[in-house]
Structures are given as structure tokens and as C-alpha cells.
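> sequence? don't have it. structure:
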């Protein structure tokens, strides 16, 4: 059987509570989000972690979608759950889905934004259609061997809707509304693509991942300085080259400075402390939309 | 032996990480904060919870300072720790302290603020002196039988410095600097009070606790609506009477409205979800400073 649904995942991280609440409200009130005639499957990514209000139990579920590990049925709650989600909702699963929309929140001031992993034509088509409708910024994550195994990469098409800032564990009406809007727009443009009425913009603006920076640390691994106040809360913003990245407790700036054209994202995301990431750096690029993108998405949706 | 020190506590809640980092930096660099000639004892309130980056292990340490429970040596890590802190640093402890300054952070937009518990003259003197120096708002918490056992109540004089918004587990340079400034100002005015050079302002402005409100919940205890966007981030602010408190997922406002003169604080503090508190309500009051306050503080400090 070919893929025929859209998977909507909330609570891939159990302390990101807004999207799970949105899906619960949507279930109680089907008019809350227009599914645009698509067959939508709603799922809580990591129910055990959500119950415990922690990001994960054994390891980050959104780094567990690693084919080799899943093939050999690696142990741990999250590897098991990743395999289960694919068996249930993967492109060849029991209830097959061609597209995965993974709803996240962040403590960083990312606003309402999209994350795309790599350059699959169908992903770029979907991202371009949403950007054309809402103008959301797009973080293009690629070529980072330290960060792999993202959920949406295991579906033929998929992206992350990332909304912030909001503390972990906090329900926030604005964040819920931004998530609702982002999700509904994804479904709207997917419905248009399926019906052949989608129109791509001329260009796609991406913020391409360059790398990540950690806080300066002592020999014992303790932070010696923190994210500079001029960077804090200024995700996506062009910041003057030469701006210091870090500030010490005595108010002095450290010597590490921003390079011209480098734009920070995920500034001070709480969960990235353990990944030794204080923020990531990107470069803004304007890409012409390619003729292959929309047909790639439409082909996936033909059976939806 | 009489009390003769000032106790500075950070990490009473283990996921409030900014004050512990500040104390660590202060230890490494003694010039970071001027102790004003006082004998200061620095301590991490709940080291095990800080290590685990969680608020507490068994229960909230800042609700464990209950004389009856401590008397009978109630079980659990936090009751044990409360007893230990009093044995070590209490007014009659091994290293006696007359004043406790307890450094907290919050996900609510409280700015740099003080919390005072009840109306002890020495507490009010200290709060008035800090307010006179920095203008910080003061939340006067009293007459709430649901919330008791706060740390500072177990010392002859004490207050909480509460800084936010900052997500749990996130180091933020601005929050560290606000905490540093609040703490240093407390020490400065305590030093002045001890030397007899402190000058109280004419009046003390407090926001007196009236009560707390929870989100509207279903029979199963699930939130049916969230804190209204017009309240979110507007701690301490006068909000028009009749403003709805809560908003549902479909964008509709609930019927519960603010009463004239009620000012919200601790709006959407992450840790209060489990306490069924969405926000607290206060009334702004201007109190004349009483002649008894400063001598009460000075008497405590005479042996410092």
C-alpha cells in the first residue's frame, strides 16, 4: 500500500507541552484546525516523557531516527519508540504517512519558524509554500555530523514547526496560536499541492546552518561566560560583525566575536546545554525555486 | 553565641541555575560582589537537585521550613536538608546567621523583584532600604495557608530576590547581572544599617498577596484554557478591570475577568503548575515606614 496520510507529531520532546495541548484541544473540537481534506494522523511522539514532563527518558527521541540503530533494534525507550512510530505511521507502516509534521517549541526567541533537514525537493517545496503563505523564516539544517537522526528525515517529506520563546513545561496561549497557524498552513498548502492548485513563490529564503558554538568553559567544564545580552533574544537578526559572543559575570566581554554575515539561531535553547551548544550560526541565502520541487511533493501526495 | 552572619542561598530550587553560577563566579573572583564588610556565608540550597537540574528531589525545599515537621525530623531529602541548613547556618547554628537572602529565578516576567513573607519589622526595613536604593517592586506574601514553610521565615530576617523571566535550566547574562545587583544592594544596605548610616525612605510600596488562580480545568484536570495573552508577561502591571483571565485554543475568551485594582504576579511560573497556580493576584499598597522597623534590623545586625 502506498503512503496516504499526513502525520502530525507533538511531544517528541516531553517538556514541550504546547503542541500536545493543541492536539488534545483539536481532538475535542475538530473545527479548531482545518485539515484541508487530508487524512491526518495525530500522535504524541514520546508519551512517557510527556507524562514525566521531561525531554526524554533514555535519550533524545529526535536523534533516534538512525536507520542502522533501528535496524538492529537498539535498546532504550526512545529507540523502541522510534521503531514503533515507523511501524505504525511510516511510509510503509500500518497507517502509512507520506508527510511528517513535527511540532516543537524552544526557549530561544525563534518566533514561528520552520526547520528543514537537508535539501530533499519535496521538503523544499513544502517549506517554500508555507513561507509564501506566512513568511516564516526557515532554518536549513544540514552537514552536521554531530546532530543526526531527526524524526522527519525518516518520512518521505517532513519538516519541523519550531515556536518560541517559551520555557519548558509552560503552556502559553500565543505559542499555541502560532503552532496552530503554522500547522494549519502546512495542511492548507499540502491540500493545494494535492489538488494541483499550489503556487510556489519565486524564491526560497533559507538560513543555512554553518555550525554551533558552545560557551567558553573551564577545565572542569563550567561556563566561564554566558551568551552576550546583545545576542540573547535576537535569533534571526543581523548583528554587527565584531559583536562579542559572550559576557563574563563581571560584565566584561570575551574576545570571541561574530563574523560578518553570520546570523544566530537557537540562542540559549535550554535543551542544548547538554549538547554543548550555546547557539548555532547560519547564513541567509536566497534560492531560486526549482522546477523539480513541486512535482516531487505532488507525487508523494497523489495517494493521500 | 549570637547570630553574626548573612546567609546567601542559591539553588534552593535546582533548576534555577543563574544564582548558583553567580555564587560560583563570586567565589572565584571575590571582587565581583562587595560584601560591605559583612560576614557572608554562601551556600547551595539543594545541591542534589542542582546536580540533577530539577526543582527538587522529594518535595519543594522552599516549603519544607515547617517547625513541626523539622522538629520530628520528617523524612525525605528536602526535609533533611532544611534541618541541616538550620543546624549549620540558622540563628543558633554552627555558623550562625541573622539574615538569609534566598536567590531565585522565575519563568514569569517579574523583572528584578523582592518577596517578603509576612510583616516582620526587620524584613520590612530591609525591603524598604533596597526599594529606596533600586526601586524594586515587592511582593508581600502573607495569609496563604496553601503556601507555607518558606526558607527565609526560619531566619530572624530574610527575603527572596526573584528575577525573571528566564526558563528553568537556562543561564542568562541579564538575569545574572540583575541578581548580582539585587544581592549587592542588600549587602550594601545591611552594611549601612549595621553602621547606623542607613536611611529609610518615607514609604514602602508593596503588592500584597490576595490569592491565586488556576487555569479552568476539565473534570480530568486538563486545562481548558490558558493564561490570557493580555496577562502573559505583564506581571506588576495594572490591567483594565474586566480583562479576561483566560483564553481557549479557538481564540475565545473565558468569562473569568480581573477585578479593579487586582494586579497579577508570577504569571505562568512553570513550577506552579503542580501547585495549581496560573498566577497570583495582589493589591498595590503604600505603607508609611514605621519607626520600629530599622531598629529591629539594626538589633539583629549588631553582632554581625
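Nice, thanks for sending it over. All values reported here derive from a predicted model rather than from experimental measurement. Numbering: from 1, shown residues only, chains lettered A, B, ... in the order given.
> going forward, measure contacts between C-alpha atoms and count neighbours the same way
OK.
> So the residue of the stretch 101-250 of chain A found nearest chain B: helix, strand or coil?
Using Cα to the nearest Cα, residue A:167 is the residue of the stretch 101-250 of chain A that sits closest to chain B, at 4.5 Å. Applying DSSP: H, G, I helix; E, B strand; the rest coil to residue A:167 yields a three-state assignment of coil.
> Now do the strands in the stretch 151-300 of chain A.
Along the stretch 151-300 of chain A, the stretches classed as strands by DSSP state E, counting those that start in this stretch are A:157-164, A:203-213, A:226-227, A:246-247, A:263-265, A:279-288.
> So chain A: which segments form each domain?
Chain A breaks down into these domains under automatic domain parsing: A:6-202+A:289-301, A:212-282.
> any idea how far the residue of the stretch 101-250 of chain A closest to chain B is from residue B:19?
Relative to residue B:19, residue A:167 is positioned 18 Å away (Cα to Cα, to the nearest Å).
> Kindly report the same for residue A:113.
Note on residue A:113: its distance to residue B:19, by Cα to Cα, is 32 Å.
> just to revisit the earlier point, tell me the most buried of the domains of chain A?
domain A:6-202+A:289-301 (a mean of 20; mean count of other Cα atoms under 10 Å in any protein chain shown).
> Now do it: distance to the chain's middle.
Distance, stretch centre to chain centre, for domain A:6-202+A:289-301: 7 Å (Cα atoms, centre = their mean, to the nearest Å).
> Show the end-to-end separation of it, please.
Terminal-residue distance, domain A:6-202+A:289-301 (Cα to Cα): 9 Å.
> Equivalent analysis for stretch A:273-280, please.
12 Å.
> Kindly report the same for stretch A:56-72.
21 Å.
> same question, stretch A:243-251
End-to-end distance of stretch A:243-251 (Cα to Cα): 14 Å.
> same thing with stretch A:196-211?
37 Å.
> Contact residues of chain A facing chain B?
With Cα under 8 Å from any Cα of the partner chain as the criterion, chain A meets chain B at residues A:22, A:25, A:32, A:107, A:166-174, A:176-177, A:226-229, A:232, A:247-251, A:268-270.
> ok now do the residue nearest to residue A:280 when sequence neighbours are not counted, which residues does it touch?
Nearest non-adjacent residue to residue A:280, counting by Cα to Cα, 6 or more residues apart in numbering or on different chains: residue A:212, 4.0 Å away. The contact partners of residue A:212, by Cα atoms under 8 Å, 6 or more residues apart in numbering or on different chains, come to A:277-281.
> Correct me if wrong: residue A:261 contacts residue A:283.
Yes. At 6.3 Å, residue A:261 counts as touching residue A:283 under the criterion of Cα atoms under 8 Å.
> quick one: low-confidence parts of chain A?
A:1-4, A:303-304 (pLDDT under 70).
> Next, the angle from the top helix by length along it to strand A:157-164.
Identified as the longest helix of chain A according to DSSP state H is helix A:173-195. Interaxial angle of helix A:173-195 relative to strand A:157-164 (axes from the mean of the first three to the mean of the last three Cα atoms, to 10 degrees): 160 degrees.
> other SSEs contacting helix A:173-195?
Packing contacts for helix A:173-195, counted by 3 or more Cα pairs under 8 Å, 6 or more residues apart in numbering or on different chains; DSSP states H and E, involve helix A:18-28, strand A:111-117, helix A:121-134, strand A:157-164, helix A:293-301.
> quick revisit: next up, the contacts around the residue of the stretch 101-250 of chain A closest to chain B.
Taking Cα under 8 Å, 6+ apart as the test, what residue A:167 contacts is A:106-107, B:107, B:166-168, B:270.
> Adding distance to residue B:202, write those residues out as JSON lines.
Formatted as JSON lines, the contacts of residue A:167 follow (distance: Cα to Cα, whole Å):
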{"residue": "A:106", "distance to residue B:202": "45"}
{"residue": "A:107", "distance to residue B:202": "41"}
{"residue": "B:107", "distance to residue B:202": "32"}
{"residue": "B:166", "distance to residue B:202": "33"}
{"residue": "B:167", "distance to residue B:202": "36"}
{"residue": "B:168", "distance to residue B:202": "37"}
{"residue": "B:270", "distance to residue B:202": "36"}
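> nearest to residue B:185, of those residues?
For the contacts of residue A:167, the closest approach to residue B:185 (Cα to Cα) belongs to residue B:166, at 21.4 Å.
> close enough to count as contact, the closest one and residue B:112?
No. Contact criterion Cα under 8 Å: residue B:166 and residue B:112 do not qualify, at 11.5 Å.
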